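Asker: Following is a predicted model, sequence given first.
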Amino acid sequence: MKKMHIMLLEEPGKAGTAEDTLTVYVARHGSRNDALLRMHMQGILPKYRVVSHSVGPVMPTLIGMLFPSLEVIRHTWGKVTVLTLLKYWIGRPLVRIFKGSNRKTWQDIGQYDVNTRRVFPVPDGEKYSQ
């Protein structure tokens, strides 16, 4: 049975330079070896190196890719129900309006805001240290 293979690829020649980027490869294959063989036949593998590889069932993975908020709900509350959908789509904006954010200063960049459930990224070129 075919499964959804999601791989992160990087170009070894550009590793550690300013042009260092990751590429996402998503396809249905039977096994890991089948995926690597087809990528080699497509000319992807000599040029790129596989950094990360995950496998999942096709339909749940595809639904998670099309509707990422459902994956956030599943990760936060365990499963998707009418109650958790209401908590996410109605309760979270109300908390944001009435309670606000726990991130009040710019020094909290890179931290997870528990009220709004957002991660504020670190600007390019800076490192976050606690």
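Answerer: Arrived safely, thanks for sending. Model, not experiment: these values are computed from the prediction.

Asker: per-residue confidence for the residue of the chain positioned farthest from its centre?
Answerer: No residue in the chain sits farther from the centre than Phe98, which is 29.0 Å out by CA atoms, centre = their mean. pLDDT recorded at Phe98 is 80.

Asker: Give me the residue ranges of the chain where confidence is low.
Answerer: 100-130 (pLDDT under 70).

Asker: Please parse it into its domains.
Answerer: For the chain, the structural domains run 3-58, 68-119, going by automatic domain parsing.

Asker: Using PDB, list the CA coordinates for stretch 60-71.
Answerer: The C-alpha coordinates for stretch 60-71 follow below in PDB (Å, rounded to 0.1, in the frame of the first residue of the first chain):
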ATOM      1  CA  PRO A  60      -4.800  12.000   7.100                       C
ATOM      2  CA  THR A  61      -1.500  13.400   5.900                       C
ATOM      3  CA  LEU A  62      -3.100  15.200   2.900                       C
ATOM      4  CA  ILE A  63      -5.900  16.600   5.100                       C
ATOM      5  CA  GLY A  64      -3.300  17.800   7.600                       C
ATOM      6  CA  MET A  65      -1.400  19.500   4.800                       C
ATOM      7  CA  LEU A  66      -4.600  21.200   3.300                       C
ATOM      8  CA  PHE A  67      -6.000  22.200   6.700                       C
ATOM      9  CA  PRO A  68      -3.100  22.900   9.100                       C
ATOM     10  CA  SER A  69      -5.400  24.300  11.800                       C
ATOM     11  CA  LEU A  70      -6.800  20.800  12.300                       C
ATOM     12  CA  GLU A  71      -3.300  19.600  13.100                       C
END
